[in-house]
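Asker: need coordinates for the below:
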Amino acid sequence: MQTRSLLSEELKALRHELTLMSSRVEEDLGKALAYLREGSEELEKEVKESGKKVDALQLKIEDMALVLIATQQPVARDLRELITVFKITASLERIGDYGLHLLKAAKKLSGRAPFHSIEQIETMAETGQKMLKAAFSAYLTQDPDAARKAAAMDETIDNEHKTLTEEVLALMKEKHKLIKPAARLLKLSGYMERLGDHITSICEGVIYMVKGRHEELND
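Answerer: Numbers count the residues shown, from 1 in each chain. Next comes the predicted model:
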């Protein structure tokens, strides 16, 4: 009974650290989006510094999970949660990277000819923020249905990516001078599309953790 109590306390501490990591990634994505809209050297500095803290949190959380697996010998649902933790930290780290890509691309696109498609990037990033918040909430509440609803938001990101790609490719054919910034925009859109995929992966992890089965979402 004492071992079980210790495991519960350690899992609670691990979830706390994971919450800090998720919140930081979500906040950084919002700052990168703000940079896209208004530009700010302070925001740029904050996101880059935060990325280092996200990486440190990933290592800390994964070390905590490994110690629990090695010392507490968890079984069934507890073990599935610890396995899922590795999937979540990896996805959060990649999502954080895409937030940084958003910031860097925004910096390179500043001062260029205006692109109507930039609004679609904003929509993708905003949806990603909401999707991440919902996905992590599903993890904390251990709610598979909430995870499925969060994953369904990826359709919005995919649709925006498809529309943007079609519009920008058409623009590149008409205005050759815009090819370089347009290519950057296409690359950025691809990053946002993959951001949605990583959040979907978190949602799939939640379902595995609770139900003990693998379920592919948004195929």
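Asker: put the alpha carbons of stretch 28-38 into PDB.
Answerer: In PDB, the C-alpha atoms belonging to stretch 28-38 read as follows (Å, rounded to 0.1, in the frame of the first residue of the first chain):
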ATOM      1  CA  ASP A  28       5.400  30.300 -26.800                       C
ATOM      2  CA  LEU A  29       3.200  29.500 -29.800                       C
ATOM      3  CA  GLY A  30       1.000  32.500 -28.800                       C
ATOM      4  CA  LYS A  31       4.100  34.700 -28.600                       C
ATOM      5  CA  ALA A  32       5.300  33.600 -32.000                       C
ATOM      6  CA  LEU A  33       1.900  34.300 -33.400                       C
ATOM      7  CA  ALA A  34       2.000  37.800 -31.800                       C
ATOM      8  CA  TYR A  35       5.400  38.300 -33.400                       C
ATOM      9  CA  LEU A  36       3.900  37.400 -36.800                       C
ATOM     10  CA  ARG A  37       1.300  40.100 -36.300                       C
ATOM     11  CA  GLU A  38       3.300  42.900 -34.800                       C
END
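Asker: contacting residues around the spatially closest residue to Ala13 that is not a sequence neighbour?
Answerer: Excluding the flanking residues, the one nearest Ala13 by C-beta to C-beta, 6 or more residues apart in numbering is Met64, at 7.2 Å. Using the backbone N, CA and C atoms, a C-beta is placed for each residue, glycine as well. Counting by C-beta atoms under 8 Å, 6 or more residues apart in numbering, Met64 makes contact with Glu10, Ala13, Leu14, Glu17.
Asker: I figured Asp158 was touching Gly196, is that so?
Answerer: Yes: Asp158 lies in contact with Gly196 (C-beta atoms under 8 Å); the separation is 6.8 Å.
Asker: the more surrounded of those two?
Answerer: Gly196 (26 against 16; other C-beta atoms under 10 Å).
Asker: if we can go back for a sec, among the contacts of Met64, name the ones in strands.
Answerer: Of these, none are assigned to strands by DSSP state E.
Asker: just the buried ones from those?
Answerer: Buried by 16 or more other C-beta atoms under 10 Å: Glu10, Leu14, Glu17, out of those.
Asker: my guess is the second one meets Ile69, correct?
Answerer: No: the criterion here is C-beta under 8 Å, and Leu14 misses it with Ile69 at 11.2 Å.
Asker: from Leu36, how far out is Lys52?
Answerer: 21 Å (C-beta to C-beta, to the nearest Å).
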